[in-house]
Structures are given as C-alpha cells and as structure tokens.
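**Student:** Pasting the sequence and the predicted model now:
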Amino acid sequence: MKLLYADNFRGFKDTIIPLSQVNFFVGENSAGKSSILGLIKLLSSRQLWQDSHAYDDELMWESFDDFVSANAKNKKRFTIGYGKEERSFDNDTRTSFVQSVLISFMSDKGRARVSKITWNGIKSIFTIRFVNTRMYLRVDQRKEQEESIEEGIPHLLEALDFHNAFIKGGKKIESSVTPSFFPLMMLPSAFRDIPEMDLEKTGVFYLDKLYDSLVWLAPIRTSPRRSYDGTGKEFSSDGKHTPYQLKSILGNRRENRNILDRLESFGKDSHLFEDLEVKKFGASATDPFELSAKINGSNLRINNVGYGVSQSLPIVIEALNSDDGSTLCIQQPEVHLHPRAQASLANVILDTAIDHRKNYIIETHSDFCIDRYRILLRRSSTNSPTIKTQIIFFENRKDGNVAHVMKLGERGELPKEVPNSYREFFIREEMDLLGL
C-alpha cells in the first residue's frame, strides 16, 4: 500500500488517499479522478525529481494556476506528497520503515517551483525551506522503529505537522547552486557534509519516486493504420508503439506462448478477435508490415475491423508484456468497447495481478469491468493470493473534491457502509424504469 497527500491541489484540501494493489477510480466528471491520477504520474516522474518545478510532459499542467485549487482561499501555495514502505539493510539485517515526503510549491514567474520539502525517514525528520537564493534546514531525531505502511498515516501526519510548523528560522545552507535550479534528487549529496545530516544520526536519506516502474496509458489510444514501417517506436502513452510490440511478440511465438495464450483468451472472451497476425513485406527489420485480426475465420487488416480492437490492444499488451511488479495507470479502458469487452478486461487485470504482481490504478466509468472483476475475485478467493482491491469514489462538493475509499473484501464484496451518493443515480434510474 502507498499513501497520497494533496492540499490546495486541484480541488483537494488536506486529503490522504491510500492506494492498494488494484484501484478503481469512479465518480462523476470533474470530481478529481484525473487530477489524482495525474498526481501519481507527477510523483513517479523523473522530471519532477530532476528539476525543482512541478512538470511532466505527459500532463497538460504547465503553470502554477493549473495546480493550485481554483476555489482556494490562499492561492500562494499547494502541497503534494506520499508515504510508502521502504527496506533498509544494516549489518545484513533488513528493516522495514515508512518514508514520507511532502513538497510545497509556490509560483515562480508563473511556474510551480518547490518552496519547501520534508522527509520523514527511519531515524530523523527534516525540512528544507527555499527562500530566494537561500536554503534553510531543520532536523529532528525520531525514535527508530520498524514500521509498515499500514501504520503510515500517523507517520505521514507527523511529517505534515513538522512541514507546516517550519515557517521561519533554521540552519542556513551554503550551496553554489541556486535553489530555483536545484534538482530534488541531489539534495542528499548537497547536505552530506553538514553535521546535522550525519548518517549515524539521521539514517539513510534519499528521495525517490512514488512508483519506480509506472506505465501510463492515455484515455484515447491511437488510430489503427493500414500498414506500419520502421524498426519500432519507443513507448507512447497512446499506444503508437503497440503494433511494433505485437510484431516482436508474434515473431517468436514459442518464447511468448504464455502472452499469446492470454491474448487469444481475451480476444475470444471479448468477441473482439480470434487471433492476431503480422504480415511482413520483406525480410528486413525496417520493411513495412500489416497487422490483422482474425474474425469469424477471416483475416482483416486492423484498420478494417471495429475500433475497439485497436483501442483495447495497448491496454492488454502492456498488462501482459510489462515487467513483473509494474504499475499500470489506465484512463477509461472502456472507450469504444462493447460491455462484454469491457468486462473481459477484468480477467486480464486480475490474472496479471495474481501471477505477475501487477499494480493497477484505473479511472473508469464502466460498471461492467468492475462487476466482472468482483465476480472473478469471489471465484478465486479460495485458491489464489489475496489481491487487495479498492474502489475510490470521487465526489465534487461545494467545498471541493472528496475521495471515498471502499475496500473490497476477499470475495469482492463492498464494505457495509458506502456513501449514499455512490449508487444513488443508478438506483433512482432503475426505480424510474420499474415505475416505482
């Protein structure tokens, strides 16, 4: 489990959101689902940690005003952060501890620049303030103890109290680098010669991304093409690289038998395709090729079949082909898919979560996908590892966005208490349909 923190950030005020292995983000439009998904992307991006500004080239947030809550009383700052479990090795002894990181941003010529950062680790808690061209440090020792992320909220709140209390003072830090251009990941090396940062006292100090291996999939995937050329493409969130992945996978069917079996199973269960094939126009790796889907026994070029095939393939291929333990952020997987195909995605999600420890954060409006997942969870509960799953229901209120966390039981059941507004619309529609 991991924890997210957001304050004065895109409609969220002093909000902590836990993340499990599989997470479904649901709720009406403009309730904050995409904002929290974007926050996960930002905190997992190398661009944030290699810079001192809030920025990621996949997100459409560029200015400070894109981040700070529009209805905030104080629009001078916003704060984001996380808590996650780490491992420390000392004399061959492994210790679990929770690392909490909080970062506040202010406006710097219209961009969101770091103004303060707090790190709460195994032995110490410290905050660095950035004031113009100066940096100020405050360090406190804390009792060293083994902790798990299940105890992470108090740990994060401890960091938050320390973070908010450090307004003035602190030890002035001399550095040849202007804070405006100071990469966050370089902070540990900048302070290693300061007595207060003695590792014997503070413990290991490093800043790390929220997720090390994050696969980000956009809500609209690329259109299918008649043919493809070139040796291949780098990862693209809209799936431009997917046909090249398929070419590689299909080119070595024996080695990729497991992936292809699951891909075929998804295709048949979803009624999207029976098989996939690649037709090469030449022996060279750079020669063009066609991608076709077999439907009712006939091979049809990918651009001549239903749009749902090309829209689903980037999701399914990444789920099956990404590294074990990867985290997939998927936006609206149901786009252009029939309800049966939407439900079939749940099979891929749960299978890869069980067999390959994949993590999922899925923003969706599809009850078909969630309901199928819950059914599968119930069927697999007796003979499979427990997959911690939750539905997070986002709600837009007058005072801002609220995230309601509903943890599913081992058999896929909802908790006894859920927000009244969670199913209110659907129940009302069903009653009207029945004339009640």
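**Tutor:** That came through, no problem.
**Student:** does the nearest residue to H356 once chain neighbours are set aside count as helix, strand or coil?
**Tutor:** Spatial nearest neighbour of H356, excluding adjacent residues (CB to CB, 6 or more residues apart in numbering): D324 at 4.6 Å. Placement of C-beta: from N, CA and C, glycine included. Three-state call for D324 (DSSP: H, G, I helix; E, B strand; the rest coil): coil.
**Student:** Count the neighbours of D324 for me.
**Tutor:** As a burial measure, D324 scores 10 neighbours (other CB atoms under 10 Å).
**Student:** Against E264, how distant is it?
**Tutor:** Applying CB to CB, to the nearest Å, the value for D324 to E264 is 21 Å.
**Student:** low pLDDT regions in the stretch 101-250 of the chain?
**Tutor:** 142-152, 174-182, 188-206 (pLDDT under 70).
**Student:** the helices in it, which residues?
**Tutor:** 152-165, 187-190, 199-202, 242-250 (DSSP state H, counting those that start in this stretch).
**Student:** chain center to the longest helix along the chain, what's the gap?
**Tutor:** Identified as the longest helix of the chain according to DSSP state H is helix 339-356. Helix 339-356 has its C-alpha centroid displaced from the chain centroid by 18 Å (CA atoms, centre = their mean, to the nearest Å).
**Student:** ditto for stretch 370-389
**Tutor:** With CA atoms, centre = their mean, you get 21 Å for stretch 370-389.
**Student:** what's the straight distance from one end of it to the other?
**Tutor:** 11 Å (CA to CA, to the nearest Å).
**Student:** Residues in contact with it: which ones?
**Tutor:** By CB atoms under 8 Å, 6 or more residues apart in numbering, the residues outside stretch 370-389 that reach it are 1, 20-24, 26, 342-344, 346-347, 349-350, 353-354, 364, 391, 407-408, 410-413.
**Student:** And stretch 213-231, end to end?
**Tutor:** 24 Å.
**Student:** Could I get the buried residue list for it?
**Tutor:** For stretch 213-231, the neighbour count (16 or more other CB atoms under 10 Å) marks L214, V215, W216, L217, A218, P219, R221, T222, P224, Y228 as buried.
**Student:** and which of those is nearest to L184?
**Tutor:** L214 (17.3 Å; CB to CB).
**Student:** Bridged to that closest one, which residues?
**Tutor:** Beta-bridge partners for L214, by DSSP bridges, are T327.
**Student:** thought it was touching L43?
**Tutor:** No: using CB atoms under 8 Å, L214 is not in contact with L43, being 9.4 Å away.
**Student:** Give me the number of neighbouring residues for the closest residue to I173 other than its chain neighbours.
**Tutor:** Of all residues not flanking I173 in the chain, M135 sits nearest, at 4.2 Å (CB to CB, 6+ apart). When counting by other CB under 10 Å, one arrives at 22 neighbours for M135.
**Student:** M135 contacts I117, correct?
**Tutor:** No: between M135 and I117 there is no contact under CB under 8 Å: 10.1 Å.
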